[in-house]
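> Using only what follows, build the 3D model:
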Amino acid sequence: MEETRPGFGQRLRDNWLELLLLLIFVAALVWIATTARGVWQSVAAVPTETPTALPTATAVQPAGTQPDQPLIQPVRDTFDGQQAARLAANLVDAGPRVFGSDGHTEAVGLLIDELRRNAWGLQQQAFTVDEAQHTNIIARSGSGDIVVIATHYDTSPVSDLDPDEANRATPSPGANDGASGPAVLLELARSLDKGQLNGQVWLAFLDGRYAPTAPDGAVQIADSGANALAEALPETVKAVIWVDLAGGQDQRFTIVPNGDPQVAADLWAVAEQLGYARWFVQEAGATADSSVQVFSDHGQAATAIADPDYTYLRTTSDTPDKLSSGSLEQVGRVLEVYLEQQ
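Just a heads-up that it's a prediction; the model follows:
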């Protein structure tokens, strides 16, 4: 005999308890899901919008900065005059860099540390003057023909040009005369795009610009570091550019009369391109440069970016507050563009 299957209504009546429990379970799941979503929304971090441009940093105008220089400086990878001014101040803080002094030793360490930080190949060139060993520091990058940017880091052992006679036996702090040039080269070591160098660049920090004072207290410019470097340079050197007294507030660079005219013309053309013709004047200066003469005597095409009319040269007032970050930046930018385009 065939058994009759119960209808839907009968099954509903027979299983009402299971159905009730199922409905309660489903309702509980819906409630949990809804509540959890609300809790997540209340604690989730709100994403920030990505800015369309990097924010600018507000900088306090440092002493000695040109008045037309903006206070707001953008974040950038090109030569930074304010960074160069800080580097110059750090060298001055080491003390006068007279050969054999603590300041001289500390400056050597500072230069090497900065160059290593910026991943330049380093060489220390030792040379002897009157049985005393001096040190040139040479940083290298790139390949091919060589352009040398050279400066000195030592300072005058006396302030023989100080208006106060009582100060003349005191070593000069050397902010412009011995720190501005190294500061420009150190900032170039950071800012230069090594992939854009058209050739090999040497940044040379030279010792022995000054010799010990003569018995009568006179300053002796020896250029012994320049001579040691010039004797060691290979024939593939295309140009030597001497950088000195590069950070004065009222600087005016003329073309040294004993330098190579083509190297100078190329540099001054870059300055004009950058709008610096007011400071890089297209005329021959009245004063020959002794360091340029050393390289020229060795057959190397050399010129200088140097302002011999600096008011505080070899005085106790040659301090960082006399430097202009704008001036340092003009020199640095000319060299940066020249080295990446030449």
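> make it CA atoms for all contacts and neighbour counts henceforth
Noted.
> any idea how far the longest strand along the chain is from the chain center?
What stands out as the longest strand in the chain, according to DSSP state E, is strand 132-142. Mean-position distance between strand 132-142 and its chain equals 18 Å (CA atoms, centre = their mean, to the nearest Å).
> any chance you could map the helices in the stretch 201-342 of the chain?
224-232, 261-273, 290-297, 325-341 (DSSP state H, counting those that start in this stretch).
> If I take the last one and helix 261-273, what angle do their directions form?
What it means is helix 325-341. 120 degrees (axes from the mean of the first three to the mean of the last three CA atoms, to 10 degrees).
> If we go by neighbour counts, what in helix 325-341 is buried?
Residues 325-340 are the ones in helix 325-341 that count as buried (16 or more other CA atoms under 10 Å).
> do the same with the second one
Taking 16+ other CA under 10 Å as the neighbour-count basis, helix 261-273 is seen to contain the buried residues 263-264, 267-272.
> Going by contacts, tell me the helices and strands next to the helix or strand that contains residue 126.
According to DSSP states H and E, residue 126 maps onto strand 121-129. Secondary-structure packing of strand 121-129 (3 or more CA pairs under 8 Å, 6 or more residues apart in numbering; DSSP states H and E): helix 102-117, strand 132-142, helix 224-232.
> Tabulate these (CSV), appending mean neighbour count, mean pLDDT and distance to residue 250.
Shown next, in CSV, are the helices and strands packed on strand 121-129 (neighbours: other CA atoms under 10 Å; pLDDT from 0 to 100; distance: least, CA to CA, whole Å):
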stretch, mean neighbour count, mean pLDDT, distance to residue 250
helix 102-117, 16, 95, 27
strand 132-142, 18, 94, 30
helix 224-232, 20, 97, 27
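> out of those, nearest to residue 187?
helix 102-117 (9.2 Å; CA to CA).
> relative orientation of the helix or strand encompassing residue 188 and helix 102-117 in degrees?
Here residue 188 sits within helix 180-191, counting by DSSP H and E. Between helix 180-191 and helix 102-117, the angle comes out at 20 degrees (the same axes, to 10 degrees).
> which residues sit against helix 180-191?
Residues outside helix 180-191 that contact it (CA atoms under 8 Å, 6 or more residues apart in numbering) are 77-80, 83-85, 87-88, 111, 114-115, 118, 120, 149, 151-153, 203, 205, 243-247, 328, 331-332, 336.
> Could you tell me which of these count as buried?
78-80, 83-85, 87-88, 111, 114-115, 120, 149, 151-153, 203, 205, 243-247, 328, 331-332, 336.
> Among those, which ones are in strands?
Among those, the members falling in strands (DSSP E) are 149, 151-152, 203, 205, 243-244.
> Closest one of these to residue 305?
Using CA to CA, residue 243 comes nearest to residue 305 of these, at 5.0 Å.
> Show the pLDDT at the closest one.
Looking at residue 243, its pLDDT stands at 98.
> how deep is residue 236 tucked in, by neighbour count?
12 (other CA atoms under 10 Å).
> part of a helix, is residue 162?
No. Using DSSP: H, G, I helix; E, B strand; the rest coil, the assignment for residue 162 is coil, not a helix.
> Spatially nearest residue to it, not counting backbone neighbours?
Excluding its sequence neighbours, the residue lying closest to residue 162 (CA to CA, 6 or more residues apart in numbering) is residue 315, at 4.4 Å.
> And that neighbour, how close does it get to residue 253?
Distance check for residue 315 against residue 253: by CA to CA, to the nearest Å, it reads 21 Å.
> Point out where the stretch 151-300 of the chain drops to low pLDDT.
214-216 (pLDDT under 70).
> again, only using 80
Residue ranges of the stretch 151-300 of the chain with pLDDT under 80: 213-218.
> on that earlier part again, who wins for proximity to residue 284 among the helices of the stretch 201-342 of the chain?
helix 261-273 (9.7 Å).
> name the helices or strands packed onto that closest one?
Applying 3+ CA pairs under 8 Å, 6+ apart, one finds that helix 261-273 contacts strand 280-284, strand 302-306, helix 325-341.
> same thing but at 10 Å, please
Helices and strands touching helix 261-273, by 3 or more CA pairs under 10 Å, 6 or more residues apart in numbering; DSSP states H and E, are strand 237-244, strand 253-255, strand 280-284, strand 302-306, helix 325-341.
> Distance to residue 183 for these - can I get that in CSV?
Output for those, formatted as CSV (distance: least, CA to CA, whole Å):
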stretch, distance to residue 183
strand 237-244, 10
strand 253-255, 18
strand 280-284, 19
strand 302-306, 14
helix 325-341, 8
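> Nearest to residue 197, out of the ones you listed?
Closest approach to residue 197 among those is made by helix 325-341 (4.7 Å; CA to CA).
> Keeping just the C-alphas, turn that closest one into PDB.
The C-alpha coordinates for helix 325-341 follow below in PDB (Å, rounded to 0.1, in the frame of the first residue of the first chain):
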ATOM      1  CA  SER A 325      73.900  82.500   0.800                       C
ATOM      2  CA  GLY A 326      72.600  84.200  -2.400                       C
ATOM      3  CA  SER A 327      76.200  84.800  -3.500                       C
ATOM      4  CA  LEU A 328      77.300  81.300  -2.800                       C
ATOM      5  CA  GLU A 329      74.300  80.000  -4.700                       C
ATOM      6  CA  GLN A 330      75.100  82.100  -7.800                       C
ATOM      7  CA  VAL A 331      78.600  80.600  -7.900                       C
ATOM      8  CA  GLY A 332      77.400  77.100  -7.200                       C
ATOM      9  CA  ARG A 333      74.600  77.300  -9.900                       C
ATOM     10  CA  VAL A 334      77.100  78.500 -12.500                       C
ATOM     11  CA  LEU A 335      79.400  75.600 -11.800                       C
ATOM     12  CA  GLU A 336      76.600  73.100 -11.500                       C
ATOM     13  CA  VAL A 337      75.200  74.000 -15.000                       C
ATOM     14  CA  TYR A 338      78.600  74.200 -16.500                       C
ATOM     15  CA  LEU A 339      79.700  70.800 -15.300                       C
ATOM     16  CA  GLU A 340      76.400  69.100 -16.400                       C
ATOM     17  CA  GLN A 341      76.400  70.800 -19.800                       C
END
